[in-house]
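> Have a look at this prediction, sequence included:
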Amino acid sequence: MKKFYITLSLIISFIFCAGQLNAQVYMVVKGETSTPYYDIETAIESAEAGSTVFIPSGAHIIKKSTTIAGNSRSNTILIEKQLNLIGTGSESGLNNSVIQGNMVFTEQASRLFMSGITVESGSVYWDNASNMMMTRCRTEDQIKLSGAGTGNIIEESYLNGGIAQTSRLYGGTGTSSSGYIEVILQKNKISGGITYLKTAQIFHNVIYYPLSTSGGGYYSNFSGCDGCSISNNILISYQKTKDQNSLTLATNSAISYNVCVGYLTQIPENSSHGFNTEGVEYSAIFQNAANNDFHLADNSPAKGKGADGRDPGPFGSSVPPKGKRIPANPSFTDFITGGTVRNDGQLSVSIKAEAQEK
């Protein structure tokens, strides 16, 4: 793993309000223009389409209420333009960028890029959004999909809640069939089911899946998915027992080269499946999963069980994920002022930027 640091000492002209010298600074960059803001909502709302918003480390609370389809939603920010949102990393326990609240990305936000950010105390909604890219992020609730979209990518992230199609954004009461196609999920840890995706590519993930709401004591991993390619994953029920049966309700799909804690059952006849390794003991797979280290143990029964003799899971891919989930794009990790503003209105500022290789 390589990380890169850049420290810049600058003399720049600002007009500061009282108390802003020690405030969190959100830099919005568009072309050669950089503008500082002092709360996350103003920074995002003021940014022009195509801008990059650098979100510093610490907690960032979404306080505003937003009206969507006639319904008021508290602690929710509505993003209706293409932006690049860059945090400082999303590994739990480190000096990270944590957004607290709901983030709703609309069709106008398509092609948005988001990296190095944790979202907690709220959900991430994609509303008819396409070509979204989420990398090295962490969510503490579901990624909730409404409407239709194509070409979205999530990689090297922790999704604590899974991915689900929902009608709740518009006042509905639950899930609905998906219009989201060609989603790519790769090199993630996903705690929760994956539902209603079509023609998705689901490769090299660790996926914990929950008890099926349909009852019967089964666990459900890919409910309502269709036409998907599902391979080189490590699939684990929440009970983590090797004798647990799991519903695999993915129609017209290719399900192969996965390592399973438990057994795949009820695979539809129109789906192909083979070369899956089932009934594996959970405790033998990873080096230290309790501390979110999903490297395979030296004597892991999953070794070499992926396609072409590769290891399944995130670290068996040709480009393994990097630790600490720091963005590959340089992000501001320190913004330190050098004293008081001079008589000519200028101020010395030291900026530290950090990035991690892809």
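Yep, it's here. Small disclaimer: the values here were computed from a predicted structure and weren't measured.
> Hmm, C137 and S90 touching each other?
Yes: with contact defined as C-beta atoms under 8 Å, S90 reaches C137; the gap is 5.3 Å. All C-beta spots, glycine's among them, are computed from the backbone N, C-alpha and C.
> hey, what's in contact with both of the two?
Shared contacts of S90 and C137 (C-beta atoms under 8 Å, 6 or more residues apart in numbering): G116, I117, T118, S157, Y158, R325.
> Now the second one: closest residue in space, sequence neighbours ignored.
This points to I117. What sits nearest to I117 in space, not counting adjacent residues and going by C-beta to C-beta, 6 or more residues apart in numbering, is G87, at 3.8 Å.
> One more: G224?
Leaving aside its sequence neighbours, G224 sits nearest to Y196 (C-beta to C-beta, 6+ apart; 4.2 Å).
> With I62 instead?
Closest to I62 by C-beta to C-beta, 6+ apart is G101, at 2.7 Å.
> Relative to G304, how far out is that neighbour?
In this structure, G101 lies at 43 Å from G304, with C-beta to C-beta, to the nearest Å as the measure.
> These two: which is more packed in?
Summary of the neighbour comparison: G101 and G304, criterion other C-beta atoms under 10 Å, with G101 having more neighbours (21 against 14).
> Help me confirm that that one comes into contact with I79.
No: because the distance of 12.0 Å does not satisfy C-beta under 8 Å, G101 is recorded as not touching I79.
> anything in contact with each of these two?
With C-beta under 8 Å, 6+ apart as the test, G101 and I79 reach no residue in common.
> for this protein, what are the low-confidence residue spans?
Applying pLDDT under 70 to the chain picks out residues 1-23, 92-94, 167-178, 210-219, 323-358.
> now do 50
Across the chain, the ranges flagged by pLDDT under 50 are 1, 3-19, 21, 215, 355.
> thinking again about what came up before, quick one: which of the shared contacts of S90 and C137 is nearest G58?
T118 (11.0 Å; C-beta to C-beta).
> strand partners of whichever helix or strand that closest one is part of, parallel vs antiparallel please.
Under DSSP states H and E, the secondary-structure element containing T118 is strand 117-120. Strand 117-120 has the following sheet partners, assigned by DSSP bridges: strand 97-100 (parallel), strand 138-139 (parallel).
> for the last one, the distance to its chain's centre please.
Here strand 138-139 is found 5 Å from its chain centre; the criterion is C-alpha atoms, centre = their mean, to the nearest Å.
> again with stretch 268-275
Here stretch 268-275 is found 29 Å from its chain centre; the criterion is C-alpha atoms, centre = their mean.
> Need the residues that contact it.
When contacts are taken as C-beta under 8 Å, 6+ apart, the neighbours of stretch 268-275 outside the stretch itself are 248-257, 264, 267, 307.
> Among those residues, which lie within strands?
With DSSP state E as the criterion, strands contain A250, T251, A254, I255, S256, L264 from among the contacts of stretch 268-275.
> among these, who's most crowded?
Among these, A250 has more neighbours than the rest - 28 neighbours, counting by other C-beta under 10 Å.
> Verify the stated contact: it with S220.
No: A250 is not in contact with S220 according to C-beta under 8 Å; the separation is 10.4 Å.
> Include mean neighbour count and distance to S283 when you put the strands paired with strand 117-120 into a markdown table, please.
Formatted as a markdown table, the strands paired with strand 117-120 follow (neighbours: other C-beta atoms under 10 Å; distance: least, C-beta to C-beta, whole Å):
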| stretch | mean neighbour count | distance to S283 |
| --- | --- | --- |
| strand 97-100 | 23 | 31 |
| strand 138-139 | 26 | 25 |
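> Dump those to TSV, plus distance to I285.
Listed next are the strands paired with strand 117-120 as TSV, based on distance: least, C-beta to C-beta, whole Å:
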stretch	distance to I285
strand 97-100	29
strand 138-139	22
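> Between those strands, which one is closest to S34.
Comparing the strands paired with strand 117-120 by their distance to S34 (C-beta to C-beta), the top pick is strand 97-100, with 18.0 Å.
> Show me what the helix or strand following that closest one is packed against.
Following the chain from strand 97-100 toward its C-terminal end, the next helix or strand by DSSP H and E is strand 102-105. In terms of contacts (3 or more C-beta pairs under 8 Å, 6 or more residues apart in numbering; DSSP states H and E), strand 102-105 is packed against strand 76-79, strand 124-127.
> Out of these, which one sits most buried?
A comparison of these by mean neighbour count, using mean count of other C-beta atoms under 10 Å, puts strand 124-127 on top with a mean of 25.
> partners of it in the sheet?
Short version: by DSSP bridges, strand 124-127 pairs with strand 102-105 (parallel), strand 143-146 (parallel).
> Of all these, which one is nearest F286?
Using C-beta to C-beta as the criterion, the shortest distance between F286 and the strands paired with strand 124-127 is 23.9 Å, found for strand 143-146.
> Wasn't Q108 part of a helix?
Yes: with DSSP: H, G, I helix; E, B strand; the rest coil as the criterion, Q108 is assigned to a helix.
> Contact partners for it?
E80, K81, Q82.
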